[in-house]
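*Asks:* Sequence first, predicted model second:
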Amino acid sequence: MAKRQCYHCKAWVQEKEPHDCWTTTEEKLTAELSNDLKDAWERIRETAAEFGEQRVYASHRSIMFARKHCYFFVRPNKNRLEICFFTGKTIKNSRIKKSEASSRTKVAHLVYISHRDEVESPVTDWLREAYVFANPDKAPKKKKH
């Protein structure tokens, strides 16, 4: 039987065989991560959950975190987790690999994570800032220490 290559994921699929590479889950995207990357992923997930109400869902090769709109996403890779978060201003820091305007009001920032210990300030502060930026009318109250 003939095969075709999926335009999106590049997988080879039998002709007439159902294929939906866009439908995925967090579990599928994180299943083959190393233990260090799984620990880092769990810490990112826990940190985001502490911010408050939001929607978390998998889409294509990313895990999206959204309030009214997506405020950050994680793209799991073999050697690292790529975090892309959105704020209203450009943040300058050596941890940020790339920043670029994604709209007239949003700036996308890319950070690489390879270990759980990297999921700490300033990364967690930036994610919180992105969470608030995504819906400033419903900003979470800060915890008292």
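*Replies:* That came in fine, so what should we check first?
*Asks:* Return the alpha-carbon coordinates of stretch 78-87 using CSV.
*Replies:* Output of stretch 78-87 as CSV, limited to C-alpha atoms (Å, rounded to 0.1, in the frame of the first residue of the first chain):
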residue,chain,number,x,y,z
LYS,A,78,14.9,16.0,23.2
ASN,A,79,17.6,18.2,25.0
ARG,A,80,15.6,21.1,26.4
LEU,A,81,12.2,22.7,27.1
GLU,A,82,11.6,25.8,25.1
ILE,A,83,9.4,28.3,26.9
CYS,A,84,7.9,31.2,24.9
PHE,A,85,6.0,33.8,27.0
PHE,A,86,4.3,37.0,26.1
THR,A,87,4.5,40.4,27.9
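*Asks:* which of the residues in that stretch are buried?
*Replies:* Across stretch 78-87, burial judged by 16 or more other CB atoms under 10 Å covers 80-87. Quick note: C-beta positions are derived from backbone N, CA and C, even for glycine.
*Asks:* now, among those residues, which is nearest to residue 15?
*Replies:* residue 82 (33.6 Å; CB to CB).
*Asks:* what about the closest residue to that closest one other than its chain neighbours, which SS state?
*Replies:* Residue nearest to residue 82 in three dimensions, not counting chain neighbours: residue 75, with 4.2 Å by CB to CB, 6 or more residues apart in numbering. Classification of residue 75 by DSSP: H, G, I helix; E, B strand; the rest coil places it in strand.
*Asks:* Give me the below-cutoff pLDDT ranges for this protein.
*Replies:* By pLDDT under 70, the low-scoring segments of the chain are 1, 7-8, 21-23, 138-145.
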